[in-house]
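Build the 3D model from these lines:
(4 chains)
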There are 2 protein chains.
Amino acid sequence: MFNYYRTMAGARDLPHPDTANLVLTDVLFALSDPSRLELVRRLASGPLEVAACQPTGGEVPKSTLSHHLKTLREAGVIRNVPQGRQRYVSLRRDDLDERFPGLLDAVLGAPAR
Amino acid sequence: MFNYYRTMAGARDLPHPDTANLVLTDVLFALSDPSRLELVRRLASGPLEVAACQPTGGEVPKSTLSHHLKTLREAGVIRNVPQGRQRYVSLRRDDLDERFPGLLDAVLGAPAR
DNA sequence: GTGACGGTTCGAAAATTTTGGAACCGATCA
DNA sequence: TGATCGGTTCCAAAATTTTCGAACCGTCAC
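Alright, predicted model coming up:
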């Protein structure tokens, strides 16, 4: 078959920005969506597999969830690494603290409502 | 003439959310735009009249600038008060510190690029 | 009054983001 | 090999945000 690598649908390692290159406005934007922020709050307690990243309460289509993960990953908020058949999602807490000291603590410490 | 109060184009006092009601995601969203964030950084040095809120470098149409001010004001990031013929724009630093401790400091302290 | 000034609101077009189904991929297991 | 599983990417539609000209408003100077 041709076009072996035409799509990235099954790429093992997704791109993650370097800590030194994180852009503040991208991080703020990624965190400005309520469902993404809620996920980040949950990730503060530890890594989750993608399926567990579903918003508490309702189910969301896989593609929608994947898009939110992409937004967070490309901003540098989370890490998304393959682990066998699934993927682990974790908060890039140390990297965020290094690049934007105090920001994540302030966000996580803020009233949820 | 009829319809005295049909529009708000000349309203003296614009609405500002109460400190206790500020919504984190709204604040993060307001700050996630580069030109708005740059303005907030400038406002950290003190109030500005609207005309002085123009982005350093280029000129932007008045209506565009006004829209950005509205986004920041409705999120509770800035205050916009009439003063004679003009208006003064100021950062709601104390209110933000009260509702989201550490957030503004982290944002202002973050590397600009 | 009349006009200029500083600035907001209205309205519509352009750009971006969000959403979700369908196709796809690699890993795993039979 | 083949089928299933967990998840991403592709694509297009819907929703939201951004942009900006035009209309408008209140203040001040004349």
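
Show me where chain A has its helices.
A:24-31, A:34-43, A:62-75, A:93-99, A:103-109 (DSSP state H).

Please identify the most buried of the ones you listed.
helix A:24-31 (a mean of 21; mean count of other CB atoms under 10 Å in any protein chain shown). Glycine gets a C-beta too; all of them are placed from N, C-alpha and C.

Poorly predicted segments of chain A, please.
Judged by pLDDT under 70, chain A has its weakly predicted residues at A:1-10.

Around DNA strand D, which positions in it sit nearby?
Within chain A, the positions adjacent to DNA strand D are A:7-11, A:14, A:49-51, A:62-63, A:65-67, A:69-70, A:80, A:85-87 by CB under 7 Å from any atom of the strand.

and the closest residue to residue A:95 other than its chain neighbours, what does it touch?
Distance criterion CB to CB, 6 or more residues apart in numbering or on different chains; nearest residue to residue A:95, sequence neighbours excluded, is residue A:19 at 4.2 Å. Neighbouring residues of residue A:19 by CB atoms under 8 Å, 6 or more residues apart in numbering or on different chains: A:76, A:92, A:95, A:98, A:99.

who's in contact with the fourth one?
The reference is to residue A:98. residue A:19.

Distance of it relative to residue B:11?
45 Å (CB to CB, to the nearest Å).

what do you get for the last one?
Using CB to CB, one obtains 41 Å as the distance from residue A:99 to residue B:11.

Give me every residue in chain A lying close to chain B.
A:24-26, A:28-29, A:31-34, A:37, A:99-103, A:105-107, A:109-111 (CB under 8 Å from any CB of the partner chain).

Save the helices of chain A as CSV, and put in distance to residue B:42 too.
As requested, the helices of chain A are arranged in CSV below (distance: least, CB to CB, whole Å):
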stretch, distance to residue B:42
helix A:24-31, 16
helix A:34-43, 27
helix A:62-75, 24
helix A:93-99, 22
helix A:103-109, 20
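
Only C-alpha atoms, please: export stretch A:52-67 in PDB.
Provided in PDB are the C-alpha atoms of stretch A:52-67 (Å, rounded to 0.1, in the frame of the first residue of the first chain):
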ATOM      1  CA  ALA A  52     -10.600   8.900  32.700                       C
ATOM      2  CA  CYS A  53     -10.300  12.500  31.400                       C
ATOM      3  CA  GLN A  54     -14.000  12.500  30.600                       C
ATOM      4  CA  PRO A  55     -15.700  15.400  32.300                       C
ATOM      5  CA  THR A  56     -17.400  14.400  35.600                       C
ATOM      6  CA  GLY A  57     -21.000  13.900  34.800                       C
ATOM      7  CA  GLY A  58     -21.500  13.700  31.000                       C
ATOM      8  CA  GLU A  59     -19.800  11.800  28.300                       C
ATOM      9  CA  VAL A  60     -18.200  13.600  25.400                       C
ATOM     10  CA  PRO A  61     -17.300  12.100  22.000                       C
ATOM     11  CA  LYS A  62     -13.700  10.800  21.800                       C
ATOM     12  CA  SER A  63     -12.700  13.300  19.200                       C
ATOM     13  CA  THR A  64     -13.900  16.200  21.300                       C
ATOM     14  CA  LEU A  65     -12.000  15.100  24.300                       C
ATOM     15  CA  SER A  66      -8.900  14.500  22.100                       C
ATOM     16  CA  HIS A  67      -9.100  18.000  20.800                       C
END
